[in-house]
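[1] with the input below, show me the fold.
(one chain, ligands or ions: 1)
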Amino acid sequence: MPQTYSLHVHSVSGIKWRKKWPIPPNLEVTIDVDDIRMAETHRKRDFVPMWNSLLPLSAAGSTSVIGLHLVRHHTVGKTNICAKGEIEIHVPIPLKSVGKDLEPTPGLALVVRLARIGSDEAVKIAVTDAAENSEKLGSGTSSDIQKVADFAAQNSDSNTVSSLGDLLQSLTSSLDVVIKIGGVIAKIHPFAELAYNVLTSVYQAVKKQRKMDQAIIQLVQAMVDVYSFTKDVKLLSEIERIKDIVDAIVQETAKCALFIREYTGHGFAVRMVSQIISEDAQTIQELMGAFVKHKQSLDWALGIHVAVVVDDTRHIAQLSLKVAKDTQATAQRLEQLEILKNLNPVKMNSNQDGCLLGTRRDILSLIITELTKPFALDSQNIFWLYGVAGAGKSAIATSIRQTFNTLGLLGASLFFTRSNEASNPASVIPTLAYCLAESNTHIGSEICLAMRQHLHIVDAPIEDQFQRLLAEPLDRAKDHIHGPIIIILDALDECGDPESRRRLISLISNRFTGLPLLRILITSRPDLDIAAAFRDQSSIVKTPLDITKPSSLEDVHRYIDAEMIDVRQMHFSWNLGPTWPGKEKIDVLSTFAAGLFIWASTATKYLRKAHDPNDALDHLLRKGSDLDRLYAVALQSTEFWEDKTFAEQAQACLAAVVLGKVPMSDTTINALLGLDTKHSSAPVFFKLGCVLQWAPGKFA
Ligand SMILES: Nc1ncnc2c1ncn2[C@@H]1O[C@H](COP(=O)(O)OP(=O)(O)OP(=O)(O)O)[C@@H](O)[C@H]1O
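    Residues are numbered from 1 along each chain as shown. Predicted coordinates:
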């Protein structure tokens, strides 16, 4: 009977390369039992690799020989065996070097642990190993942390880093570790990714730049210090426990990364390195202070208690100077706000939650990247996210709002709702001006100046308001501000109607694109007037929120799963059990939802409110949830029903879509309904974008 073993390949010790490699060679260990390949470790790029892999083995008899090879992979696909050894049950296993890669050294040894285990255990290890290798591994497993810990351990080479380039490189490698853990802790992921991308671009830009400001080097050093925990495997494995602190650190890092990019002249505003804004020194001090505090909280949380000596006298002197400055600034600010009230801004806040953590990762990441892209690389400053009713656009806009609010980059966010009278196109420019002025004193001063110079600007035509309250003040303020400033306009289709918003839409598509400093996220259903105005604008990034994408379907599934926790809690008296209603029924509900969040949220709300959750669930599984009302409102929002030809054609087209057993393209529907090119279905589908996900030639 074959005997099973677990082989723990830890690392290789005493390695001495003959050649100086520019980057570490790509190494793996292969394991043969009686000359048959049984397992191999992951490839590692490191001068002194550590694998920490647990591998299952089975050997036919007690006399089997386990052969181990240390293999170097060439970039062109060739391999070299650099060292080999055979297992004798003592640790470490001596190796002898072969070929020309290694110096023959007596201490060369592979550190492994071989244990005799039962076959069940061997199967378990094999499954875990396979899962670790799979890209599709879900988040939340401790093996992810271990993998990351391995990675960090290899990167712990603590050469003294002296230049900004080296510091940035060290920082991005730490962030890379944090991003990988982001698979486990969804909360910190978007900020870590943003910080990583921005710092990488700064690194690419500054690595050739010789002269660098000492203050910025110290700031990056402070960040590197905070991240030292990522280089210690033991500390890193605590990350789940200290995730809130890490979350705060990563947010601060993203903020700081954006600042550094602007400061070093590689960012949003095209600026010379020498052209430094007067508040920069203070911003650097504040950011440094924040990182020192984070380091202290982290050290306390990790049990590393370091005595902190504070120079009290200097601290108090600085503090009193700041208080004096602050009092003066507060008086000016109050005066500004008094003037700004004349803009009669309206409240258009988001009244819903953002995305469930872990959902919409791709699109959130894409939007964050687009909105923070340096100006020089791309001059597109509007991102339009469009999709059918209930696809989840507002939830995404809310999450983006939270992200940029945390980063201190939010200028204004208007969430339009049909039922709110304030969602009026005439209020948009004055409200935007008010919010921008509130978010930044420099912009505030310029807008106040404009209001003093143009006393009746609030009653002026919208185009004049745009020019005086936005275009000119932003242009005057731009040299005092590090961009970007983010503006969010959610559900633009719910701002007035196509007629009342005509001039606003034209301003957005023709004039907003030229505004300095701003990056604008617009979400809406693809209503005809909006789609027509945006379609040929090259300054607008147009992205559909596709409900049929596998990631959308997975996100809705994840949402239903999470909502069931609430449903179970609500109905505690029914003793539903910890996994109610079970995976199979959740799968069926997700299939019904077909990527539509509104379906999932209506269904779970129905379950929460029901008297008997089991009855309600059965009803749902039989009939689906009642979305008629939503679709009635959505369809009525299309203004063309009074046109008899449209109404007749739309009814026929909708019937074809609803009754068709397979999805059909507009061309097929034309053929089916006998429509000629003059009366084709395409214009009808364009007008029904609020309820149908459709593109010319594609399935309806
Ligand atoms: N990623 C998500 N995580 C959690 N809840 C979500 C998510 N996306 C959407 N929802 C919920 O689903 C419902 C519908 O989503 P939302 O209002 O964002 O859709 P929409 O595309 O903006 O719809 P409409 O076009 O009708 O305004 C809301 O209750 C929202 O809170």
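[2] so who does whichever residue of the stretch 501-650 of the chain sits closest to the ligand touch?
    In the stretch 501-650 of the chain, the residue found nearest to the ligand is residue 597; the distance is 3.4 Å by Cβ to the nearest ligand atom. C-betas here are computed from N, CA, C, even on glycine. Applying Cβ atoms under 8 Å, 6 or more residues apart in numbering, we find residue 597 in contact with 390-392, 395, 555-556, 559.
[3] phi, psi for it please.
    Note on residue 597: backbone dihedrals following degrees, to the nearest 10 are phi -60, psi -30.
[4] run through the contacts of residue 597 and flag the ones next to the ligand.
    Checked against the ligand using Cβ under 6 Å from any ligand atom, the contacts of residue 597 yield the following neighbours: 390-392, 395, 555, 559.
[5] thinking again about what came up before, look up how far residue 590 lies from the residue of the stretch 501-650 of the chain closest to the ligand.
    Distance of residue 597 to residue 590, computed by Cβ to Cβ, to the nearest Å: 11 Å.
[6] any shared contact partners between those two?
    Joint contacts of residue 597 and residue 590 (Cβ under 8 Å, 6+ apart) are residue 556.
[7] just say helix, strand or coil for residue 241.
    coil (DSSP: H, G, I helix; E, B strand; the rest coil).
[8] which residue packs closest to it, ignoring adjacent ones?
    Spatial nearest neighbour of residue 241, chain neighbours left out: residue 301 (7.7 Å); criterion: Cβ to Cβ, 6 or more residues apart in numbering.
[9] give me the pLDDT for residue 393.
    Model confidence at residue 393, given as pLDDT, is 96.
[10] number of residues surrounding the nearest residue to residue 511 once chain neighbours are set aside?
    Excluding its sequence neighbours, the residue lying closest to residue 511 (Cβ to Cβ, 6+ apart) is residue 466, at 6.1 Å. The local packing of residue 466 (other Cβ atoms under 10 Å) involves 23 other residues.
[11] cool, and residue 106?
    With other Cβ under 10 Å as criterion, residue 106 counts 8.
[12] now residue 517
    For residue 517, using other Cβ under 10 Å, the count is 23.
[13] what of residue 28?
    19.
[14] repeat for residue 46
    21.
[15] got it, and residue 453?
    For residue 453, using other Cβ under 10 Å, the count is 10.
[16] and what of residue 388?
    23.
[17] what residues sit buried inside whatever helix or strand residue 569 lives in?
    Using DSSP states H and E, residue 569 maps to helix 550-570. Going by neighbour count (16 or more other Cβ atoms under 10 Å), the buried part of helix 550-570 is 552-553, 555-560, 563-564, 567-568.
[18] quick one: mean pLDDT over it.
    Here the average pLDDT along helix 550-570 is 92.
[19] work out the gap between it and the centre of the chain.
    What separates the centre of helix 550-570 from the centre of its chain is 20 Å, taken as Cα atoms, centre = their mean, to the nearest Å.
[20] which elements pack onto that helix?
    When contacts are defined as 3 or more Cβ pairs under 8 Å, 6 or more residues apart in numbering; DSSP states H and E, helix 550-570 sits against helix 583-593, helix 597-609.
[21] let me see the mean pLDDT of the first one.
    The reference is to helix 583-593. 89.
[22] so is that helix next to the ligand?
    No. Helix 583-593 lies out of reach of the ligand by Cβ under 6 Å from any ligand atom, never closer than 9.9 Å.
[23] right, and the residue nearest to residue 511 touches residue 510 too?
    No. The criterion here is Cβ atoms under 8 Å, and residue 466 misses it with residue 510 at 10.2 Å.
[24] report the two of the buried residues of helix 550-570 separated the most.
    552 and 568 (25.2 Å; Cβ to Cβ).
[25] low-confidence ranges in the stretch 101-250 of the chain?
    Residue ranges of the stretch 101-250 of the chain with pLDDT under 70: 110-164, 179-189, 205-213, 233-234, 236-240.
[26] the same query, at a cut-off of 80, please.
    Where the stretch 101-250 of the chain drops to pLDDT under 80, the residues are 101-170, 173-190, 200-216, 229-243.
[27] what residues does it have near the ligand?
    Near the ligand, when you scan the stretch 101-250 of the chain using Cβ under 6 Å from any ligand atom, you find nothing.
[28] how about the residues of the stretch 301-450 of the chain near the ligand?
    Counting by Cβ under 6 Å from any ligand atom, the stretch 301-450 of the chain sits next to the ligand at 352-353, 355-356, 359-360, 387, 389-395.
[29] swap the cut-off to 8 Å and go again
    352-356, 359-360, 387-399 (Cβ under 8 Å from any ligand atom).
[30] please pick the buried ones from those.
    354-356, 359-360, 387-399.
[31] quick one: stretch 647-655 to chain centroid distance?
    That offset, for stretch 647-655, works out to 40 Å (Cα atoms, centre = their mean).
[32] and what of stretch 353-370?
    Counting by Cα atoms, centre = their mean, stretch 353-370 comes out at 5 Å from the chain centroid.
[33] send the alpha carbons of that stretch over as PDB?
    Output of stretch 353-370 as PDB, limited to C-alpha atoms (Å, rounded to 0.1, in the frame of the first residue of the first chain):
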ATOM      1  CA  ASP A 353     -25.600  53.000   0.900                       C
ATOM      2  CA  GLY A 354     -22.600  52.500  -1.300                       C
ATOM      3  CA  CYS A 355     -21.600  49.200  -2.700                       C
ATOM      4  CA  LEU A 356     -21.300  46.200  -0.500                       C
ATOM      5  CA  LEU A 357     -17.600  45.700   0.300                       C
ATOM      6  CA  GLY A 358     -16.000  43.400  -2.200                       C
ATOM      7  CA  THR A 359     -18.600  44.100  -5.000                       C
ATOM      8  CA  ARG A 360     -18.000  46.200  -8.100                       C
ATOM      9  CA  ARG A 361     -14.300  46.000  -7.600                       C
ATOM     10  CA  ASP A 362     -13.400  46.400 -11.300                       C
ATOM     11  CA  ILE A 363     -15.600  49.300 -12.100                       C
ATOM     12  CA  LEU A 364     -14.700  51.200  -8.900                       C
ATOM     13  CA  SER A 365     -11.100  50.700  -9.600                       C
ATOM     14  CA  LEU A 366     -11.500  51.900 -13.200                       C
ATOM     15  CA  ILE A 367     -13.400  55.000 -12.100                       C
ATOM     16  CA  ILE A 368     -10.800  55.900  -9.400                       C
ATOM     17  CA  THR A 369      -8.000  55.400 -11.900                       C
ATOM     18  CA  GLU A 370      -9.700  57.600 -14.500                       C
END
